[in-house]
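Participant: Compute the structure for the input listed below.
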Amino acid sequence: RKKEKQVPEIGTIDVPEYNFAQKQAMLNSNTFYTRGVLVETLILVHDQHQLFTDEIILDTKFQFPCKLLKFQAIQSDALHLFLTKMKKEWTQKVSQTIHAKITKDIYNFYKVDTMEKYQNSGMRRVIRLINVIMSYQLRESVE
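Facilitator: Numbering: from 1, shown residues only. This is a model prediction of the structure:
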């Protein structure tokens, strides 16, 4: 049998300590929003607002001439109907989408036993992002 030659240690380099767990956690945190389910959920949240963009905030179907008090009453009723629909239907649809998509695949809201775990989770960031999207869309609706 031939004796194997040993590689000389002249060409070796010391590798410094590296915290792989910390880097993996940072990578997971930075790529949290790239998950397909989250992207799909954000698109659905955005699209659900589109269902309400055709709703009329101001009623333009009234007889001319119109007294100011009657005009105010008509507009108040139209605005109240719009706001009620937005509060009940829009927020409910968004909530259902979040529960249907995210709870099933990524984050179980019912297993979080402390608020601290939720505060430190990536899910909190997603909910805040959805809240910002909804705020922007609501502001856009009334402009």
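
Participant: so what's F52 up against?
Facilitator: Going by Cβ atoms under 8 Å, 6 or more residues apart in numbering, F52 touches 85-86, 89-90, 141. In this view, the C-beta of every residue, glycine as well, is placed from N, C-alpha and C.

Participant: Out of these, which one has the weakest pLDDT?
Facilitator: Within those, pLDDT reaches its minimum at S141, with 74.

Participant: What lies in contact with the helix or strand containing that residue?
Facilitator: According to DSSP states H and E, S141 maps onto helix 122-142. Outside of helix 122-142, the residues within contact range by Cβ under 8 Å, 6+ apart are 29, 32-33, 38, 41-42, 45-46, 49, 52-53, 57, 86, 90-91, 94, 98, 102, 106-107, 109, 118.

Participant: where in the protein is pLDDT low?
Facilitator: Scanning the chain for pLDDT under 70 picks out 1, 8, 53-56, 58, 104-106, 108-109, 112, 142-143.

Participant: how about a cut-off of 50?
Facilitator: Judged against pLDDT under 50, the chain has no low-scoring part.

Participant: Tell me which residues of the helix holding S141 come out buried.
Facilitator: Residues 122-123, 126-127, 130, 134, 137 are the ones in helix 122-142 that count as buried (16 or more other Cβ atoms under 10 Å).

Participant: for the residues you listed, which one is nearest Q22?
Facilitator: G122 (16.2 Å; Cβ to Cβ).

Participant: Roughly how far does that closest one sit from S29?
Facilitator: According to Cβ to Cβ, to the nearest Å, G122 stands 7 Å off from S29.

Participant: now R125
Facilitator: Taking Cβ to Cβ, one finds R125 at 9 Å from S29.

Participant: Quick check: neighbours shared by these two?
Facilitator: By Cβ under 8 Å, 6+ apart, no residue touches both R125 and S29.

Participant: picking that back up, out of the contacts of helix 122-142, list just those in helices.
Facilitator: 29, 38, 41-42, 45-46, 49, 91, 94, 98, 118 (DSSP state H).

Participant: Same list (those residues) but as JSON lines, adding neighbour count and distance to N19.
Facilitator: Below are the ones in helices among the contacts of helix 122-142 laid out as JSON lines (neighbours: other Cβ atoms under 10 Å; distance: Cβ to Cβ, whole Å):
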{"residue": "S29", "neighbour count": "11", "distance to N19": "14"}
{"residue": "L38", "neighbour count": "21", "distance to N19": "27"}
{"residue": "T41", "neighbour count": "21", "distance to N19": "32"}
{"residue": "L42", "neighbour count": "17", "distance to N19": "32"}
{"residue": "V45", "neighbour count": "20", "distance to N19": "36"}
{"residue": "H46", "neighbour count": "15", "distance to N19": "38"}
{"residue": "H49", "neighbour count": "19", "distance to N19": "42"}
{"residue": "T91", "neighbour count": "12", "distance to N19": "42"}
{"residue": "V94", "neighbour count": "21", "distance to N19": "39"}
{"residue": "I98", "neighbour count": "19", "distance to N19": "34"}
{"residue": "Y118", "neighbour count": "14", "distance to N19": "26"}
